[in-house]
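Peer 1: sequence plus the predicted model coming up.
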Amino acid sequence: MTLTAKPGKGGRFYLYCDEEYFAAVTAEMWYSLGVTEGQTLSAEEYDALRAEIRARQAYASAVRMLTLRAHSRRELGLKLARKFDRDAVDYALEKCGALGFLDDAAFAREYANTLWERKRWAPGRIRQELLAKGVSREDAEEALAGLETDAEETIRDEIDRLGGVPQDKKERQRLYAKLLRAGWSGGDILRQFERWEDDDGC
């Protein structure tokens, strides 16, 4: 099989083997692959070249995603799997991990803090989100231990922020449901409703 490389837009090269297109690569990748224009490849060499290109592309894609925001290993792997095969995904994850770009414990701490600061979710709800992202239970618990949460104070602050406990039954139920979705217990919510009303909202 004869390898050919045709220059394209943006400095990219379009690669063909026996005139059949199989990959588009950056100029940097092309010059670092260790192959040349017109080179004859065996079937094994062709398969190895394709695998090398896909692995490098998966890694480049992973770095771009991590530049935008932190990801857990599982979350990043699932995103990469939409475009790349298992071997390419594994290569990207291993390389990102080895270079310190992937750290589930650090991700858990950052994500837990973000959910607490921005949404005031209860620890239980934050734990669910961390586990859903693929974080281990150990890393999730460590992240939660670093948060300073107080159920009564937080629920009361949310009630005050939203203008108090509504007199209208439907609005009251809506506020109750909002706090419940944030992970706070029904008992804690109702107790703060009662205290707020006993204090006349003061």
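Peer 2: Perfect, I can see it now.

Peer 1: any idea which residue is closest to the centre of this protein?
Peer 2: Central residue of the chain (CA atoms, centre = their mean): residue 71, 3.5 Å from the mean position.

Peer 1: distance-wise, check the residue lying closest to it once chain neighbours are set aside relative to residue 87.
Peer 2: Nearest non-adjacent residue to residue 71, counting by CB to CB, 6 or more residues apart in numbering: residue 65, 6.3 Å away. (Glycine included, C-beta is placed from N, CA and C.) Noted for residue 65: a distance of 19 Å to residue 87, by CB to CB, to the nearest Å.

Peer 1: and residue 117, by the same measure?
Peer 2: 39 Å.

Peer 1: next: residue 136.
Peer 2: 24 Å.

Peer 1: kindly confirm my reading that the residue nearest to the centre of the chain is in a strand.
Peer 2: No. Under DSSP: H, G, I helix; E, B strand; the rest coil, residue 71 sits outside any strand and is assigned coil.

Peer 1: ok, it touching residue 106?
Peer 2: No. Under the criterion of CB atoms under 8 Å, residue 71 is not in contact with residue 106, lying 11.1 Å apart.

Peer 1: sorry, back to before: settle it for me: which of residue 65 and residue 87 has more neighbours?
Peer 2: residue 65 (17 against 12; other CB atoms under 10 Å).

Peer 1: what's the strand or helix carrying the more buried one packed up against?
Peer 2: Using DSSP states H and E, residue 65 maps to helix 43-68. Helix 43-68 sits against strand 20-25, helix 73-80, helix 86-98, with contacts defined as 3 or more CB pairs under 8 Å, 6 or more residues apart in numbering; DSSP states H and E.

Peer 1: which stretch in the ones you listed has the least confidence?
Peer 2: Among the helices and strands packed on helix 43-68, strand 20-25 carries the lowest mean pLDDT, a mean of 90.
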